[in-house]
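Asks: next one to model:
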Amino acid sequence: MRKHEFPFARVLVFVPFADRDGRLHNPYYDYPGFREDVSGWFEPLSLPHQWVAVTASGLPEAIEAAADAHAAGGAVIVNLCDGSPGEEYPGLEVVEALEAAALPYTGADPAFYRVTSSKLAMKARFRAAGLPTAPWQVIHEAERDLWSAGQTLGYPLILKLDGGWGALSAASIVHDHEAALNLFAALGFRRAVSSGTRVHNLRSIRRDSSRRGVAKLRTGLRCRSEGTDAVWGSGTGPRGTG
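Replies: Below is the predicted model:
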C-alpha cells in the first residue's frame, strides 16, 4: 500500500502524560521499546507520524496543533490517552475534545469510553440486559455501608475502585468488618478522597464464575470530593480491565 492511497498525510500519536512540576511522566508508554513499537506501526505503510505528549493542562494546545495539521493536508490521531477519572493522565477529556474539534481519531468514542470506564455503569448495563453479574453494594459512608454490606452480601468481600485499572489483587479481599474498614481507609487515603466504596460477595462471584462462566467480576469506589461526584476505579477503558 502506497502513501498516496491514504486520505491523510500524517499520523499524530496522542500519548498521555502527567505533568509533575513541569516534567512529563508516564512509565507505561514513555520508554524506548514502546517508541520503537510505535514507529513500527507506520513504517510498512510509509506514513510519517509524530509523537505528541498530551497532558491535561496542555490538551487545548495539542488539539489546536492537530486541527492545524489536519487542515494543512489531512491528519489522523491515533489516540492512546486512556486515563481514568481522578488519574493524572488524560483520558475521556481527550476524546471529547477530539469529537468537539471534528478530528478523525482511533479508539473509543465518548459514550463508549464513559461506560467502559466505570464498573458501576457496566454492571448496570449487564443487569439491564439480563446478563449474570455478582451482587454488589456502593459504599458512601464507611462504617454504616460496610456493615450493611457484610450483613446483606456476606463475607468474604472484595473492595475495589470503580474506575482506573490494575487494582485487583489478593489484598482486595476482606474477611470481616474491621478489615473492610482498614482497606477502605487505605484506598481513600491513597486516592485523596473522602468517601465511597463498592463491594462484591466473593462466594457469589465464585459461584457465578463456575456456573455461568463469568470470568471476572469486580467492585468499585465512588468518591465525592469538593462537591463533585467522581467515579474511581479499576481496570477499564482502552487500557483494559483488571
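Asks: so where is this protein shaky, pLDDT-wise?
Replies: Within the chain, the segments meeting pLDDT under 70 span 1-5, 164-167, 188-242.
Asks: quickly list the domain ranges of it.
Replies: For the chain, automatic domain parsing gives the domain ranges 3-107, 116-239.
Asks: quick one: secondary structure of the nearest residue in space to R125 that is not next to it in sequence?
Replies: Of all residues not flanking R125 in the chain, V115 sits nearest, at 6.5 Å (CB to CB, 6 or more residues apart in numbering). Quick note: C-beta positions are derived from backbone N, CA and C, even for glycine. Each residue gets one of three states, and V115 gets helix by DSSP: H, G, I helix; E, B strand; the rest coil.
Asks: so V115 touches A128, yeah?
Replies: No. Using CB atoms under 8 Å, V115 makes no contact with A128, being 11.5 Å away.
Asks: strands of this structure, residue ranges please.
Replies: 10-16, 18-20, 23-25, 49-54, 75-79, 136-139, 157-160, 173-174, 197-201, 221-225, 228-232 (DSSP state E).
Asks: and V76, how far from A102?
Replies: Distance, V76 to A102, by CB to CB, to the nearest Å: 13 Å.
Asks: ok, those two, which is more surrounded?
Replies: Neighbour tally, V76 and A102, criterion other CB atoms under 10 Å: the higher count belongs to V76, 21 against 8.
Asks: show the contacting residues for that one.
Replies: When contacts are counted by CB atoms under 8 Å, 6 or more residues apart in numbering, V76 touches 8, 11-12, 104-106.
Asks: again, only this time at 6 Å
Replies: 8, 11, 104 (CB atoms under 6 Å, 6 or more residues apart in numbering).
Asks: neighbours of W41, how many?
Replies: 13.
Asks: next, A9: phi, psi?
Replies: The phi/psi pair for A9 (degrees, to the nearest 10) reads phi -90, psi -20.
Asks: show me what contacts the nearest residue to G107 once chain neighbours are set aside?
Replies: Spatial nearest neighbour of G107, chain neighbours left out: N79 (4.6 Å); criterion: CB to CB, 6+ apart. Residues near N79 by CB under 6 Å, 6+ apart: 14, 105-107.
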